Every structure is written in C-alpha cells, then in structure tokens.
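> After the sequence you'll find the predicted model.
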Amino acid sequence: MSIILQVTDLVKRFGSLTAVDRVSFEIREGNCFGLLGPNGAGKTTTIEMMEGIKQPDGGAIRYRGEPLGEQFRNEAGIMFQTTALQEFITVREVMRQFSRFYPHSVGIDELAERYALHEFLDQDTRRLSGGQKQRLLLAMAQINQPKILFLDEPTTGLDPQSRRNLWNQLQQIREQGATILLTTHYMEEAYELCDEIAIMDHGRIIAHDAPDALLEAHFDDVVVQIHAADIPRDIGEREFRAVYRNDSAHILTGDVNKTIEHLLHFDIPLDRLRIRARDLEDLFLELTGKELRA
Ligand SMILES: Nc1ncnc2c1ncn2[C@@H]1O[C@H](COP(=O)(O)OP(=O)(O)O)[C@@H](O)[C@H]1O
Ligand SMILES: [Mg+2]
C-alpha cells in the first residue's frame, strides 16, 4: 500500500506552549489512522495542520509525496464540527453551498439518500438531532468524493446508537477505498475503526502501531475481576496484589489457571468473576500514569 499522507517533525507552538512537538507518522492509502489521546493532547492542532487549516511552525506535510496543494484540496474531505452549520438555514442549502466548492461533486439527493437525510432536506439545521447533524456533516465531507477524509472527534457527545451508526458509515466509506484520519478520546472507537493508531499526550506521540500489535507488545497478562465484596481486602492485596477500584478487585495475571486455583484455595466465590483482556485504556494508563478520559 502506498503512503498517501506523511508528516515529519511537525511542530506547533502557542506562545510558550508547544502544542505539537515533533510529530511524525505516515498514513497508508485505504487505511483508517487514529490519533488517540486525552483532551489537550494536541490532536486537533495536528489534524488542522494536516488539513491545511493551521500553519505549522516546523516540519513538513506531504500528500502523495508533494506539499499540500491543488490536488490535496480536491481530494480531501473535512468533517466540520456542528458549529459550522450555524450560518445556514436548511439541510439542502448547506449541501448546495458545499458542492459549489468543488469542480466535481456528488448529487445532493444521492448523498441525502445515503445518509438518511431525505426527509430533512428542507428542514432548519438547528432543528436536527445530534445524530442527524452528525450525518449531515459527514455527508458534507463526502460531497467531493474525497480520497482522504479528516474527522476530529466525530462521535463526541453522541448517544451510543448514533455512535454505532456513524461507525458503520465510516466502515462503508473505507470499504469504498477512502483513507480516513480521525481523532478520538474513545479507545473503543480507535480499536473498532482504526488499522493503526498513534497515542498522543502533551503534543507527542508516545506509541504507534496497529491496536492489537500495541497491546501484544505491552501486555502478556489479563485482568481477573472479582467483586470486591467476594474477596477480603487483606487477602486480595497480600496474596494477589489486587487493585481495588469501585466495586471490583482487579488481579493481573499471566496464568489464569493458577490464579483461579489460588482463589479457590482461599475459598473466594467465583460466581461474579470476569476475565478481561488488556485494552488501550490500560495501555494509556501504563504509558502515562493517568486515565484517558480523566
Ligand atoms: N489557538 C490556541 N491558542 C492557544 N493555545 C491553544 C490554541 N489551540 C490549542 N491550544 C492549546 O494547545 C493544546 C492542544 O490543544 P488541542 O490540539 O486542541 O488538543 P486536543 O484536540 O487533543 O484536545 C492545549 O493545551 C490547548 O489548550
Ligand atoms: Mg480536539
């Protein structure tokens, strides 16, 4: 697969703050690439430089080997935040306005059909639900049939059902061959959608690989969760080095059989036992000492 977009040593400063600190990565054509990190990590600043909206203070961005130019503008689609809808009245107007930016655009009816917006075409955008607005923004980003699509926290604030819908739509876009760059602070989203992720914190990339490869490289254990009431704290902490959190005792183990034997030895009831694989949230905690959503 060829490299569609490449950033090298990208830097952005705001006064004394280095919001993006020598970030480098490459995106393969047809992949979904995720920038995952907590609020303030530098995700939006990075994606906006890649979209050509913000000017970097250092480093280089190349699209198909060239600096961002005409070809990039014609082939890129940007999903804007809901605030971008404020200047327009109806759904149809928004889409018509957007299609004027491009020499070749998809028909409004076709897009409205694809994103279940038909019955809202003449409706005021301010009266759309969160999920409908998000579908409209995604439709707008597709109006030039982009080869690369940029999405900054596309599902933040959406209910679980609308989030799932958007994930399905992004999968379809990808199946049609488009490349996607998205930012998110939801690790499930990054895990579900992305072929590769770069985890950001304080303007830097602290880990970068395919999600499963990252997990395999960092963890060879699983989490055995016992209801806290089922395992006395002194036994849990002394015998299993359990960490108590909310209603659960979390035991990390590389040998589940042995741990269960050990639990049985202490007459710990196992009815409420759960076993969980380590996830990107654990990885972030391990790398930074803090939680992704904190
Ligand atoms: N226009 C700006 N002026 C000053 N500081 C900014 C500006 N934009 C972003 N920042 C700061 O840069 C850092 C990274 O912000 P941002 O890229 O929005 O992070 P994220 O999208 O990961 O939440 C934050 O500390 C933020 O406060
Ligand atoms: Mg952001």
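In hand now; what should we look at? Ligands and ions are numbered 1, 2, ... in the order given.
> going forward, measure contacts between C-alpha atoms and count neighbours the same way
Will do.
> List the contacts of the closest residue to ligand 1 within the stretch 151-294 of the chain.
Of all residues in the stretch 151-294 of the chain, Gly203 sits closest to ligand 1, at 6.8 Å by C-alpha to the nearest ligand atom. Shown in contact with Gly203 (C-alpha atoms under 8 Å, 6 or more residues apart in numbering): Thr18, Ala19, Val20, Asp21, Val23, Ala41, Gly42, Lys43.
> Phi and psi next, for it.
phi 80, psi 0 (degrees, to the nearest 10).
> Give the closest residue to it in space, chain neighbours not counted.
Nearest non-adjacent residue to Gly203, counting by C-alpha to C-alpha, 6 or more residues apart in numbering: Val20, 4.1 Å away.
> Just give me how far the host helix or strand of that neighbour sits from the chain centre.
Secondary structure assigned from DSSP states H and E places Val20 in strand 17-28. Mean C-alpha position of strand 17-28 versus that of the full chain (C-alpha atoms, centre = their mean, to the nearest Å) differs by 16 Å.
> The helix or strand following it packs against which elements?
Counting by DSSP H and E, the next helix or strand C-terminal to strand 17-28 is strand 32-36. Helices and strands touching strand 32-36, by 3 or more C-alpha pairs under 8 Å, 6 or more residues apart in numbering; DSSP states H and E, are strand 179-184, helix 187-193, strand 196-201.
> Could you export those as JSON lines, including mean neighbour count and distance to Ala229?
As requested, the helices and strands packed on strand 32-36 are exported to JSON lines (neighbours: other C-alpha atoms under 10 Å; distance: least, C-alpha to C-alpha, whole Å):
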{"stretch": "strand 179-184", "mean neighbour count": "24", "distance to Ala229": "35"}
{"stretch": "helix 187-193", "mean neighbour count": "18", "distance to Ala229": "29"}
{"stretch": "strand 196-201", "mean neighbour count": "24", "distance to Ala229": "35"}
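> Least reliable of those by average pLDDT, please.
With a mean of 93, helix 187-193 has the lowest mean pLDDT of the helices and strands packed on strand 32-36.
> returning to what we had before: tabulate the contacts of Gly203 in TSV, adding columns for pLDDT and distance to Ile4.
What follows is the contacts of Gly203, written out as TSV (pLDDT from 0 to 100; distance: C-alpha to C-alpha, whole Å):
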residue	pLDDT	distance to Ile4
Thr18	98	26
Ala19	98	24
Val20	98	21
Asp21	98	22
Val23	98	17
Ala41	96	24
Gly42	97	22
Lys43	96	19
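> which ones are touching the residue positioned nearest the centre of the chain?
For the chain, the residue nearest the mean C-alpha position is Thr184 (3.2 Å; C-alpha atoms, centre = their mean). In this structure, Thr184 makes contact with Gly34, Leu35, Leu36, Gly37, Asp152, Glu153, Pro154, Thr156, Ala190, judged by C-alpha under 8 Å, 6+ apart.
> try 10 Å
34-39, 43-44, 151-156, 190, 199 (C-alpha atoms under 10 Å, 6 or more residues apart in numbering).
> measure it to Tyr115 for me?
To Tyr115, Thr184 is 22 Å away according to C-alpha to C-alpha, to the nearest Å.
> Same check on Phe98?
Computed with C-alpha to C-alpha, the distance linking Phe98 and Tyr115 is 16 Å.
> okay, now the domains of the protein?
Partitioning the chain according to automatic domain parsing yields domains covering residues 3-216, 220-277.
> ranking those domains by burial, who's on top?
domain 3-216 (a mean of 18; mean count of other C-alpha atoms under 10 Å).
> can you pull out the helices in the stretch 101-250 of the chain?
108-114, 130-141, 160-175, 187-193, 211-218, 233-240 (DSSP state H, counting those that start in this stretch).
> helices or strands next to the last one in the packing?
It stands for helix 233-240. strand 243-245, strand 248-253, helix 256-265 (3 or more C-alpha pairs under 10 Å, 6 or more residues apart in numbering; DSSP states H and E).
> And for the longest one?
Helices and strands touching helix 160-175, as assessed by 3+ C-alpha pairs under 10 Å, 6+ apart, comprise strand 32-36, helix 130-141, strand 148-152, strand 179-184, helix 187-193.
> Including distance to ligand 1, could these go into CSV?
Shown next, in CSV, are the helices and strands packed on helix 160-175 (distance: least, C-alpha to the nearest ligand atom, whole Å):
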stretch, distance to ligand 1
strand 32-36, 8
helix 130-141, 18
strand 148-152, 8
strand 179-184, 8
helix 187-193, 14
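> Good, we can wrap up now.
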